[in-house]
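Asks: Any chance you can model this:
(2 chains)
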Amino acid sequence: MAAQHRIEQISTHLTIRPGTMFGSPVGQKSGEDIVVVSALRTAITRAKKGGFKDTLPEELLYHVLKATLDKTGIDPAIVEDIQVGNVLPEMGGAKAARMAQLHAGFPVTSSIATTNRQCASGLQAVAGIASAIKSGIIEVGIGAGVESMTHGYGPTGTVLSTESELLCQTPEAKDCLLPMGITSENVAQKFNVTREAQDRWAAQSQSRAAAAQKGGLFDKEIIPVTTTIIDPTTKEKRSITVTKDDGVRENTTVQVLGKLKPSFKPTGSTTAGNASQVSDGAAAVLLMKRSKAQALNLPIMGKLVSFATVGVPPNVMGIGPAYAIPVALQRAGITKDQVDVFEINEAFASQLVYSVEYLGLNHDKVNPKGGAIALGHPLGCTGARLVATLLTELERRKQKIGVVSMCMGTGMGAAAVFESE
Amino acid sequence: MAAVMRYRTAGYNGYSIEYSPFFENRIACASAANFGIVGNGRLWVLGLGAGPEGIDVEKVYDTQDGLFDCAWSEVHENQIVTSSGDGSIKLWDVTLPDFPVRNWSEHTREVFAVKWNLVKKDTFISGSWDQTIKLWNPEVPQSLTTWQEHTHCIYQTAWSPTSGDIFASASGDHTLKVWDVRQPRSVQTVRAHNAEILALDWNKYHPNTLVTGSVDHSVKVWDLRFPDREAMVLLGHDYAVRRVKCSPHSGNIIASASYDMTMRIWDTAMGGNRLAHVHDQHTEFVLGVDMSMFFEGQVATCAWDEQINVIQIPGLSMKH
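Replies: Numbering: from 1, shown residues only, chains lettered A, B, ... in the order given. This next block holds a predicted model:
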């Protein structure tokens, strides 16, 4: 007996993994933590209609990178690398991103890369920079995200021009070609998410976003962007300053939403009203080790605790958060009940409602300032945008633990745990 | 530089090694057969500067169960106390053969820590996997006090170097606790790691500074006046840290022994990762380390590879 107990006891010394992936565990601080010093975004505006309809994506990126330098007052030369999540731009956005970086005032000695993990690209950029800092490749970096769905969205941006017969022999591979709306219908059908439940969530997203906007709850995360817009009737160019998300419909109700026709199949339940909006926007998150932030006397918004990506079947891609969030929580060593705020991307109300119900989350904690149904979903931007929205809200509430999560086309989920301070 | 002095504790795996506070060339090693999982224990009393490899045996004492810690008496130059897997604590006189001069059997599980009072010198404490800490006087047949507050195994204890009433304990419940022998409850609790804490020592020069070592691979330096956050994290061990010792000669030198088979010397006054030396000549878990108070920079280690190594750390000056 004693021998067995001793073996078990001593084996725990060797099997328990220390801390968390990026530094000290929740509730503790260490100089080795990867912390967020700044998380800012542009307003999100409607594609082809909103304030950024005549602004190029790299210009949006320039504005948010420049604002990060201006607001923090850091020496641009300490930023050794930037990763930018983007999905649609030509050539992967690499050339345009480098131009944005240099125009923003970063020296030629700093570097930049773009990354495409579909709708998680912005969060992937944050996690990629955090990993680079953790592994000692860099000391300071920016994880950003940008998308102008005014530019590049539509058939050429969302459908492959080639279809490999060889790869399509595997049904799951062929399912990657399904339009996103159809995957939303699949989720609703397979998991019995009613039209009413979807419209209820959509109406709630709108009313929460409207209330947050009125209360000034986005003011800390949004940077004003002065840009040029072409008047659609007079064709005249004029200068405007964009400070507010323009997709929010304050007076939407479940009844109004219930009258909308399904967008993807006649008998379906996904409509323009309960799906994310097509939008333009950019966001940037400045990351470094806590010891570096302290040495530079910079404020610390919070730390990154864990990150996870998982795969799910491509034909129900929207369920990604249901599977990614538990992995991120487990890696953070916490339970869902310890989380104060979840920011989960509302690609479609169907997948959002399913994920929330599957995980048994308290609705009050999920997207308290509204989500992409009201605010919009500029694909590559979203992940970084959610980090800015989460950390400002945790700070306002004087709460601690937050989760950012989203689904991805072709069947994946990503999630990250942050701790505010 | 002197070569490594070695001794093979044949058939026994080292758990703890302690320099005598009275004789500069005497060390003791608490050991256990079969890696301490099952079987006998043996206390080795060894002389430095003798034997073919620099260390020779002076006395051995065998016990029924494995020995996990030992502490030399601070008053009797020939007495040493050991703690055992069967919960027993034994006092030995190395001038006498074979049997302990006293035996206490109160703990109900393995006793991983025994530490002699450095200031009052008339008492010692023990910390056990039964979650209790006991205070003992070698002349008294029962423990003087028992404290039960930790909620997991107690792995290590340490006396304050400046107060004969204050000691600290480290536990698998992730906390470090500070105690006053006159108080029935702990006087301070520090949630020091997010994992089991296996190692603990009190800085000999800074009365508010303690050092912990944990399953989370880290060594942390604590200032009890600012318990919300560690004063320093020393990273480098690849596995759990099993023992830490603060230098008797310098307030900024720390030794740590780990399951990663190394013993490391840290200099908290250094920049960078503060790692001053790595001793990597053991081939199994290193569980014991101690620093000579007579020869600055001389360090003894014991390990599950049945080897005792005594080395001179380069860069730490040799004084007599």
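Asks: How about the contacts made by residue B:182?
Replies: residue B:165 (C-beta atoms under 8 Å, 6 or more residues apart in numbering or on different chains). Yep, even glycine has a C-beta here, placed from its N, CA and C like the rest.
Asks: element containing it?
Replies: Take DSSP states H and E as the rule and residue B:182 turns out to sit in neither a helix nor a strand.
Asks: Just the element for the spatially closest residue to residue B:138 that is not a sequence neighbour, please.
Replies: Nearest residue to residue B:138, sequence neighbours excluded (C-beta to C-beta, 6 or more residues apart in numbering or on different chains): residue B:91, at 5.5 Å. If you go by DSSP H and E, residue B:91 is part of strand B:88-93.
Asks: So what touches that strand?
Replies: Contacts for strand B:88-93 (C-beta under 8 Å, 6+ apart): B:43, B:61, B:63, B:65, B:73, B:76, B:78-84, B:100-107, B:111, B:114, B:126, B:136, B:138.
Asks: I'd like the next helix or strand past it.
Replies: Downstream of strand B:88-93 (by DSSP H and E), the next one is strand B:102-105.
Asks: gap between that following strand and the chain center?
Replies: Chain-centre distance of strand B:102-105: 20 Å, with C-alpha atoms, centre = their mean, to the nearest Å.
Asks: what packs against that strand?
Replies: For strand B:102-105, the contact count by 3 or more C-beta pairs under 8 Å, 6 or more residues apart in numbering or on different chains; DSSP states H and E identifies strand B:88-93 as packing neighbours.
Asks: now the contacts of strand B:88-93: which count as buried?
Replies: Among the contacts of strand B:88-93, those scoring as buried are B:43, B:61, B:63, B:65, B:73, B:78-84, B:100, B:102, B:104, B:106-107, B:111, B:114, B:126, B:136, B:138 (criterion: 16 or more other C-beta atoms under 10 Å in any protein chain shown).
Asks: So residue A:328, which state does it fall into?
Replies: helix (DSSP: H, G, I helix; E, B strand; the rest coil).
Asks: Make sure it is actually in contact with residue A:413.
Replies: No: using C-beta atoms under 8 Å, residue A:328 makes no contact with residue A:413, being 9.5 Å away.
Asks: what do these two both touch?
Replies: Joint contacts of residue A:328 and residue A:413 (C-beta under 8 Å, 6+ apart) are residue A:405.
Asks: okay, those two: which has more neighbours?
Replies: Each of residue A:328 and residue A:413 has its neighbours counted (other C-beta atoms under 10 Å in any protein chain shown); residue A:413 has more, 30 against 25.
Asks: Return the distance of the closest residue to that one other than its chain neighbours relative to residue A:355.
Replies: Leaving aside its chain neighbours, residue A:413 sits nearest to residue A:320 (2.4 Å; criterion: C-beta to C-beta, 6+ apart). Distance, residue A:320 to residue A:355, using C-beta to C-beta, to the nearest Å: 8 Å.
Asks: just residue A:287 next, same as before
Replies: 27 Å.
Asks: Counting neighbours, go ahead and name the busier of the two.
Replies: residue A:287 (33 against 28).
Asks: Distance of the more buried one relative to residue A:131?
Replies: On the measure of C-beta to C-beta, residue A:287 and residue A:131 end up 10 Å apart.
Asks: before we move on, what about residue A:152?
Replies: Relative to residue A:131, and taking C-beta to C-beta, residue A:152 is found at 28 Å.
Asks: Poorly predicted segments of chain B, please.
Replies: Where chain B drops to pLDDT under 70, the residues are B:1-2, B:317-320.
Asks: Quick check: which element contains whichever residue of it sits closest to chain A?
Replies: When distances are taken as C-beta to the nearest C-beta, chain B reaches nearest to chain A at residue B:216, 3.2 Å away. Assigned by DSSP H and E, residue B:216 falls within no helix or strand.
Asks: is it true that it touches residue B:193?
Replies: Yes: contact criterion C-beta under 8 Å: residue B:216 and residue B:193 qualify, at 5.2 Å.
Asks: hang on, the earlier thing: now do the residue nearest to residue A:413 against residue A:46, distance only.
Replies: Distance from residue A:320 to residue A:46, by C-beta to C-beta: 25 Å.
Asks: before we move on, back to that, need the overlap of contacts for residue A:320 and residue A:355.
Replies: Common neighbours of residue A:320 and residue A:355 (C-beta under 8 Å, 6+ apart) are A:405, A:407.
Asks: among the buried ones among the contacts of strand B:88-93, which are in strands?
Replies: Members of those lying in strands (criterion: DSSP state E): B:43, B:61, B:63, B:79-84, B:102, B:104, B:111, B:114, B:126, B:136.
Asks: out of the residues you listed, what pair is the most spread apart?
Replies: Using C-beta to C-beta, those reach their maximum pairwise distance at B:61 and B:136, which is 18.8 Å.
Asks: Leaving out sequence neighbours, find the closest residue to residue B:236.
Replies: residue B:275 is the one closest to residue B:236 (C-beta to C-beta, 6+ apart), at 5.2 Å.
Asks: For residue B:59, give its distance to residue A:23.
Replies: 48 Å.
Asks: neighbour-wise, which of the two wins?
Replies: residue A:23 (24 against 18).
Asks: which residues touch that one?
Replies: Going by C-beta under 8 Å, 6+ apart, the list of residues near residue A:23 reads A:30, A:32, A:33, A:34, A:134, A:290, A:303, A:305.
Asks: Cross-check those against chain B and keep the overlap.
Replies: For chain B, the contacts drawn from those by C-beta under 8 Å from any C-beta of the partner chain are A:30, A:32.
Asks: Produce a PyMOL select command limited to the buried residues of the contacts of residue A:23.
Replies: Buried subset of these, written as a PyMOL selection, criterion 16+ other C-beta under 10 Å:
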select buried, chain A and resi 30+32+33+34+134+290+303+305
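Asks: Residue A:320 and residue A:46: who's more crowded?
Replies: For residue A:320 versus residue A:46, neighbours defined as other C-beta under 10 Å are more numerous around residue A:320 (31 against 19).
Asks: Okay, now the unreliable bits of the stretch 51-200 of chain A?
Replies: Looking at the stretch 51-200 of chain A by pLDDT under 70, you get A:156-157.
Asks: let's go with 90 and repeat that
Replies: Scanning the stretch 51-200 of chain A for pLDDT under 90 picks out A:152-162.
Asks: quick one, phi/psi of residue A:139?
Replies: The phi and psi torsions at residue A:139 (degrees, to the nearest 10) take the values phi -100, psi -40.
Asks: ok now do it, which residues does it touch?
Replies: Per C-beta under 8 Å, 6+ apart, neighbours of residue A:139: A:78, A:80, A:133, A:288, A:289, A:292.
Asks: possible to save the residues you listed as TSV with distance to chain B and secondary structure?
Replies: Shown next, in TSV, are those (distance: C-beta to the nearest C-beta, whole Å; DSSP: H, G, I helix; E, B strand; the rest coil):
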residue	distance to chain B	secondary structure
A:78	19	helix
A:80	19	coil
A:133	15	helix
A:288	17	strand
A:289	12	strand
A:292	14	helix
